[in-house]
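Undergrad: Okay, predicted coordinates and the sequence, questions at the end:
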Amino acid sequence: MNSSQAKQLAFLYTRAALGVGFLSGVADRFGLWRGRNVGYGNFEGFVRYTAKVNSFMPASSIPFLAWAATVAELVLGILLLLGLWLRWTGLASALLLILFGTAMAISFGAKSPLDYSVFSASAAAVLVALNQPSSQTI
């Protein structure tokens, strides 16, 4: 494997990890994950978590924020996996993750988004946006 192929595989790995991560969170909200490591379990659980993460926001905004995050993660996850509009998809993913990490830091303290690697994922999304392989994307 040459350097160009290694870079393409690393790029694909980053896209897939981000995309599957977004889609896994969405699946959890709709009860598609079962077992002991389920985060929210259903959409009501996710709305409760959204309220905790956004404790500084008015209660009336929480359902909108929960749905907006869900739609954004669904669309971005699919676009990342399909490799479509990667500059904009990567930047939108980075922004979503920065907003999420900042909300976590405000509500729970700086340790929370660091422990969950939210800012690391955001940085990976920036790399997807700015370092698309010059040859054909895998």
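TA: That came in fine, so what should we check first?
Undergrad: ok, and the closest non-adjacent residue to the residue most central in space within the chain?
TA: In the chain, the residue lying closest to the centroid (CA atoms, centre = their mean) is Phe22, at 4.4 Å. Nearest residue to Phe22 in three dimensions, chain neighbours excluded: Gly77, at 3.4 Å (CB to CB, 6 or more residues apart in numbering). Backbone N, C-alpha and C define where each C-beta goes, glycine included.
Undergrad: Quickly find the element holding that neighbour.
TA: Using DSSP states H and E, Gly77 sits in helix 62-82.
Undergrad: where does Leu84 land in three-state SS?
TA: Secondary structure assignment for Leu84 (DSSP: H, G, I helix; E, B strand; the rest coil): coil.
Undergrad: please begin residue numbering at 773 from this point
TA: Understood, numbering begins at 773; the last thing we discussed is Leu856.
Undergrad: Against Gln904, how distant is it?
TA: According to CB to CB, to the nearest Å, Leu856 stands 12 Å off from Gln904.
Undergrad: quick one, which of the two is more surrounded?
TA: Set side by side, Leu856 and Gln904 show more neighbours around Gln904, with 15 against 11, by other CB atoms under 10 Å.
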